[in-house]
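K.L.:
any chance you can model this:
(one chain, ligands or ions: 2)
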Amino acid sequence: MAYKIDKSQCIGCHTCAGVCPMGAITTTPDGKCAIDPAKCVSCGTCAAMCPVNAIKAE
Ligand code: SF4
Ligand code: SF4
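P.N.:
Ligands and ions are numbered 1, 2, ... in the order given. Sure, this is the predicted structure:
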């Protein structure tokens, strides 16, 4: 299972980046966030904390 951020829904609040225990979430040039699949351990914390439910498990 891999977690991904839907950029069309992300509002760039960066909450997810602050809660990720692996430091897997970075800010992209558009001011939104992206998950580095090489660092993500699929814990689901970011998805649980996103205020607009923009992070999906695929
Ligand atoms: S918590 Fe959700 S809305 Fe906020 S930056 Fe992360 S993906 Fe975007
Ligand atoms: S699922 Fe967990 S490890 Fe992966 S990006 Fe979200 S908070 Fe970080």
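K.L.:
what parts of the chain come near ligand 1?
P.N.:
Counting by CB under 6 Å from any ligand atom, the chain comes close to ligand 1 at 5, 10-16, 32-33, 50, 52, 54-55. The way it works is simple: take the backbone N, C-alpha and C, and place the C-beta from them, glycine included.
K.L.:
what subset of those is buried?
P.N.:
Ile5, Cys10, Thr15, Cys16, Lys32, Cys33, Cys50, Ala54, Ile55 (16 or more other CB atoms under 10 Å).
K.L.:
who are the contact partners of the first one?
P.N.:
The contact partners of Ile5, by CB atoms under 8 Å, 6 or more residues apart in numbering, come to Cys16, Ile25, Lys32, Cys33, Ala34, Ile35, Ala54, Ile55.
K.L.:
turn those into JSON lines, columns for pLDDT and secondary structure.
P.N.:
Below are the contacts of Ile5 laid out as JSON lines (pLDDT from 0 to 100; DSSP: H, G, I helix; E, B strand; the rest coil):
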{"residue": "Cys16", "pLDDT": "98", "secondary structure": "helix"}
{"residue": "Ile25", "pLDDT": "98", "secondary structure": "strand"}
{"residue": "Lys32", "pLDDT": "98", "secondary structure": "coil"}
{"residue": "Cys33", "pLDDT": "98", "secondary structure": "strand"}
{"residue": "Ala34", "pLDDT": "98", "secondary structure": "strand"}
{"residue": "Ile35", "pLDDT": "98", "secondary structure": "strand"}
{"residue": "Ala54", "pLDDT": "98", "secondary structure": "coil"}
{"residue": "Ile55", "pLDDT": "98", "secondary structure": "strand"}
